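S.K.: Make a model of this:
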Amino acid sequence: MKNNYEFLSLLAIILGIVLGVFLPDHAGYFEFIGKIFLSLLQVLILPIIVLSLFLAIARISNVNSLKELGARTIAYYLLTTSVAVITGLSLANIFIFQDGYASIEPANTKSGISFIDRIFSENIFSSLANGDILHIVVFTILFSLAFIFLEERKKEPILEITDSLYEVVMKLIDWVLKLAPLGILSLVWSSVSGFDASTYENIKSFFIATTIAALFHSCISLPLIGTLLGRFNVLQYFWKVKQALIVAFATASSAATLPVSTKVVEDSGVSRRVARFVLPIGATLNMDGSALFQALIAMLFVSLAGIDFSFFEQVSLFIFIVLSSSGTAGIPSGGIVMMTMVINLLNIPHPEYYLGIYVMVDRFWDYPITSINVWGDLIGAKTVDSLVQSER
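M.R.: Sure, this is the predicted structure:
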C-alpha cells in the first residue's frame, strides 16, 4: 500500500505539471484540496518537533552519549552546508551574470531582523502561536536537557505519556499521507499555472549555474558524504525515503515534510533515537539547498550592482551564509528574511529592487531547493546513525 501512495504521488506531480501548462485557468477550482493537505501537514509540525526531539534527548541517560550524538549531528550539518555554499560560490564565479534585468519589477518585502531574535524566544507561548520553529527547537532542547537530570521515578511517567502522544501523531501522519496524491496534484497544478516564463528569460546564466550547482550537490556531494562517512548504499536508501522527497518537492516546505521524513527514515531502518534527534534539528538548522541558493543569488546581486567583490569578501559571505542559513524558515518562500540579511551585509543600494528579483526567482526554485534541504536531512540521519552504530 505504501508503494501505491508513492507511485500515485509521483504521478500526481507529472499530472499537475501537465494540467498547469495546458489548463492553468482551472487550477483554482481544485486549489482547496492542496490547502487542506498542506494545512494538515503544517498542524503536525509543532507536535512532531516537540515530541520527537524531547524523546530523543530525554531517553538518553548518559550525558556523554548525548554529547557524541549532538557533536556528530552538528559536524555533519556544518560540513554539508559548507560544501553547498562553496559549490554555489564556485558556480557563480564560473558564470558571469551580466544579462539584462530591466523587466523585473521590485516588490515590497519585510526588513531584516536580529539573528539572535530568531534563535531565542522572549515568550515561548507566543512562539508556539506564531509557529517560530527555531525558537521552539532551542527551547525544547534546553527543556529536554534539564529533564535528563530529574530522578528516574519522576521521568518514567512523563516519558510514557510523551511516547503515547508521539504514536498518536504518527498515526495521524499515516492518515494524512492517504490524501497525498490529491494534495500534491492540487499544489503542483496551482503553482505551475502561476508561472510566467517571460519573467525568467533574462536570467538564463543564473538559472544554468543554479541548475548545475543543485544537481552537483544533490547527486554527487551528498551521496559521496553518505557513502564515505555513513558507509551505506545511497541509491537503495533513496528508494526507501523517496516519499519524503516527493512531499518536499510538492509543498516547498521542509518543515511540513518533517512528519513524513520521520516516518520514512524510521521505516528504512534508522534508529528512532537518532531519527528523532537529527531530523527535527535538521528541518530548521540544516538548509543545504537554501545555503547554495543564497550564495548564488547573492553573487548575482553583486554582479547586477556592479560591486567589485574580492576573494576575502567572498570568504566573509561564505561564513555568514553558513551561519545564517540555519535560521531560514522551513516554509514556502521562507528564505526572504535571510535574503534581506544577506543584502544588508553586502550593502547593496536599493535593496527592495533586489528583493523583488529574489521573490520572483524563488517562486521557481523553492521546490527543488526544498527537496535538497530535505535530502540533506535524510542523508544526515542515516550517516549519523551509521557512525553511532559503528562505534558500538
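
S.K.: How about residue 208: what's its closest non-neighbour residue?
M.R.: residue 95 (6.5 Å; C-beta to C-beta, 6 or more residues apart in numbering). Yep, even glycine has a C-beta here, placed from its N, CA and C like the rest.

S.K.: Against residue 205, how distant is the one you found?
M.R.: 5 Å (C-beta to C-beta, to the nearest Å).

S.K.: who's more crowded, these two?
M.R.: residue 95 (21 against 17; other C-beta atoms under 10 Å).

S.K.: quick one: contacts for the closest residue to residue 298 other than its chain neighbours?
M.R.: Excluding the flanking residues, the one nearest residue 298 by C-beta to C-beta, 6+ apart is residue 342, at 5.1 Å. Neighbouring residues of residue 342 by C-beta atoms under 8 Å, 6 or more residues apart in numbering: 294, 298, 317, 320-321, 324.

S.K.: and which of those is nearest to residue 192?
M.R.: Using C-beta to C-beta, residue 294 comes nearest to residue 192 of the contacts of residue 342, at 24.4 Å.

S.K.: Name the next helix or strand downstream of the host helix or strand of the closest one, please.
M.R.: Assigned by DSSP states H and E, residue 294 belongs to helix 288-304. Toward the C-terminal end, the helix or strand that comes next after helix 288-304 (DSSP H and E) is helix 311-324.

S.K.: what packs against that next one?
M.R.: Secondary-structure packing of helix 311-324 (3 or more C-beta pairs under 8 Å, 6 or more residues apart in numbering; DSSP states H and E): helix 63-94, helix 288-304, helix 336-346.

S.K.: how about CSV for those, with mean pLDDT and distance to residue 49 added?
M.R.: Converted to CSV, the helices and strands packed on helix 311-324 look like this (pLDDT from 0 to 100; distance: least, C-beta to C-beta, whole Å):
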stretch, mean pLDDT, distance to residue 49
helix 63-94, 86, 15
helix 288-304, 87, 18
helix 336-346, 68, 19
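
S.K.: right, and the ones you listed - which one's nearest residue 19?
M.R.: From the helices and strands packed on helix 311-324, taking C-beta to C-beta, the stretch that ends up closest is helix 288-304, at 26.0 Å.

S.K.: what packs against the closest one?
M.R.: Helix 288-304 makes packing contacts with helix 63-94, helix 204-216, helix 311-324, helix 336-346, helix 351-390 when contacts are defined by 3+ C-beta pairs under 8 Å, 6+ apart.

S.K.: Residue 320 versus residue 182, what's the distance?
M.R.: Counting by C-beta to C-beta, the gap from residue 182 to residue 320 is 41 Å.

S.K.: Looking at those two now, which is surrounded by more residues?
M.R.: Remark: of residue 182 and residue 320, residue 320 carries more neighbours, 20 against 17, as counted by other C-beta under 10 Å.

S.K.: any idea how far the more buried one lies from residue 190?
M.R.: 34 Å.

S.K.: so where do the helices sit in the stretch 1-150 of the chain?
M.R.: 2-22, 27-42, 45-58, 63-94, 115-119, 124-130, 133-148 (DSSP state H, counting those that start in this stretch).

S.K.: among the ones you listed, which is nearest residue 347?
M.R.: From the helices of the stretch 1-150 of the chain, taking C-beta to C-beta, the stretch that ends up closest is helix 115-119, at 17.1 Å.

S.K.: now that closest one: mean pLDDT?
M.R.: Average pLDDT, helix 115-119: 64.

S.K.: number of nearby residues for residue 321?
M.R.: Neighbourhood size, residue 321 [other C-beta under 10 Å]: 29.

S.K.: Am I right that residue 234 is in contact with residue 225?
M.R.: No - between residue 234 and residue 225 there is no contact under C-beta atoms under 8 Å: 9.1 Å.

S.K.: what do the two both touch?
M.R.: residue 379.

S.K.: I'd guessed residue 83 sits against residue 221; true?
M.R.: Yes - counting by C-beta under 8 Å, residue 83 touches residue 221, with 5.1 Å between them.

S.K.: okay, the helices and strands packed on helix 288-304, which one's buried deepest?
M.R.: Most buried of the helices and strands packed on helix 288-304 by mean neighbour count (mean count of other C-beta atoms under 10 Å) is helix 351-390; its value is a mean of 23.

S.K.: what angle sits between it and helix 288-304?
M.R.: Put simply, helix 351-390 runs at 150 degrees to helix 288-304, going by axes from the mean of the first three to the mean of the last three C-alpha atoms, to 10 degrees.

S.K.: Summarise which helices and strands helix 351-390 is packed against.
M.R.: By 3+ C-beta pairs under 8 Å, 6+ apart, helix 351-390 packs against helix 63-94, helix 204-216, helix 222-225, helix 234-251, helix 254-267, helix 272-285, helix 288-304, helix 336-346.

S.K.: With distance to residue 167 added, can I get those in TSV?
M.R.: Formatted as TSV, these follow (distance: least, C-beta to C-beta, whole Å):
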stretch	distance to residue 167
helix 63-94	23
helix 204-216	36
helix 222-225	31
helix 234-251	19
helix 254-267	12
helix 272-285	11
helix 288-304	31
helix 336-346	35
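
S.K.: Ok, which of these comes nearest residue 160?
M.R.: Going by C-beta to C-beta, the one of the helices and strands packed on helix 351-390 nearest residue 160 is helix 272-285, 15.2 Å.

S.K.: distance between that closest one and the chain's centre?
M.R.: Chain-centre distance of helix 272-285: 12 Å, with C-alpha atoms, centre = their mean, to the nearest Å.

S.K.: Any chance you could list what contacts that helix?
M.R.: For helix 272-285, the external contacting residues (C-beta under 8 Å, 6+ apart) are 48-49, 52-53, 55-57, 59-60, 69-70, 73, 77, 133-134, 137, 140, 254-255, 257-258, 261-262, 265-266, 326, 330, 376-377, 380-381, 384-385, 388.

S.K.: any idea how far residue 273 is from the nearest residue to residue 294 once chain neighbours are set aside?
M.R.: Among residues not flanking residue 294 along the chain, residue 321 sits closest, at 5.3 Å (C-beta to C-beta, 6+ apart). Separation of residue 321 from residue 273 (C-beta to C-beta) stands at 31 Å.
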